[in-house]
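Q: Following is a predicted model, sequence given first.
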Amino acid sequence: MRGFVDFMKTTIVGGFFVVLPVVLVVFLLGQAVAALVGVVAPLADELPVQEFGGIGVATLLAILVVLALCFITGLLVRTRIGTLVRDWLERRFLNRLPGYTIIRNLTHRFSGEEGTEFAPALVDLYGANTQALALIMEEHQDGSYTVFVPLAPTPTVGQVHLVPPERVRRVNAPLGTVLNSVMQWGVESNKFL
C-alpha cells in the first residue's frame, strides 16, 4: 500500500510540474487576447462580418495581433542586438524563474533545434553493461555529462547523475518518441534503438 501511495504522490507532483507551466502560458495568452479585444473592437466594428466560425471578429483580430507580436519578437531575437537583449533578460530575470530554463530547453528540443540539452541517450550508470534511457541535461568542459534518468511511467520524475563521457551514447531519435516509450514502460523502444 505504501508503494502505491508513493507512486501516486510522485506521479501527481511530476504531472503538476508539467501542467503548471502550460496552464500559465495558456492563461497569459488568454489574458493578452482578452486585453487586445478591447483595443481592436473599434476596427472589428467597421468590418462587414462580426463573427466567423462562431468566434467574434474582434477575438480573431486579437489572436492575430498576438501571433504577429510573437512573430516580430522572433524576428528581432534573431538579430545580433535582439540576441544580446534576450541573453541579458535571461541572465538578469528569466533564468531565476523556477522552471524557465527547463521549459526553454524543452521548447527548443520539441521545435527541432539541435543542442545538448534534453538530448536522448543510453547511459551505462554503473558499468554493468545495463543501459538506462536518459536525457542529457548538460555537457561539462571535461566532457562529462549531467543526465536525467526518468522513471516509468512518469518521465518528469527521476534521478540526476553525473556520468563520464565513455558511458553515454546519444540516441538518434526525437525527444517525444523516447519520452513516449518511457510512459509506456519501455514499449516501442525498438523505434530508436
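A: Perfect, I can see it now. None of these values were measured; they are calculated from a predicted model.
Q: mean confidence for stretch 33-47?
A: For stretch 33-47, mean pLDDT rounds to 81.
Q: Can you list the low-confidence ranges for the protein?
A: 1-2, 6, 9-10, 13-18, 20-21, 98-117 (pLDDT under 70).
Q: What segments of it are strands?
A: Using DSSP state E, the strands of the chain run over residues 51-52, 55-56, 119-124, 131-139, 145-151, 154-163, 168-170.
Q: Out of those, flag the one nearest G186.
A: strand 131-139 (7.6 Å; Cβ to Cβ). C-beta coordinates here come from the backbone N, C-alpha and C atoms, glycine included.
Q: can you pull the buried residues of that closest one?
A: Neighbour-count burial for strand 131-139 flags Q131, A132, L133, A134, L135, I136, M137, E139 (criterion: 16 or more other Cβ atoms under 10 Å).
Q: dump the residue contacts of the fifth one.
A: With contact taken as Cβ atoms under 8 Å, 6 or more residues apart in numbering, L135 is in contact with F118, A119, P120, A121, V147, F148, P150, L175, V178.
Q: Let's have the residues you listed in TSV, adding distance to T59.
A: Below are those laid out as TSV (distance: Cβ to Cβ, whole Å):
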residue	distance to T59
F118	35
A119	39
P120	39
A121	44
V147	44
F148	40
P150	39
L175	33
V178	38
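Q: Next, the angle from the longest helix seen in the chain to strand 154-163.
A: What stands out as the longest helix in the chain, according to DSSP state H, is helix 2-46. Counting by axes from the mean of the first three to the mean of the last three Cα atoms, to 10 degrees, helix 2-46 lies at 110 degrees to strand 154-163.
Q: so how far is L61 from P48?
A: Distance of P48 to L61, computed by Cβ to Cβ, to the nearest Å: 14 Å.
Q: Among those two, which residue is more densely surrounded?
A: Remark: of P48 and L61, L61 carries more neighbours, 19 against 5, as counted by other Cβ atoms under 10 Å.
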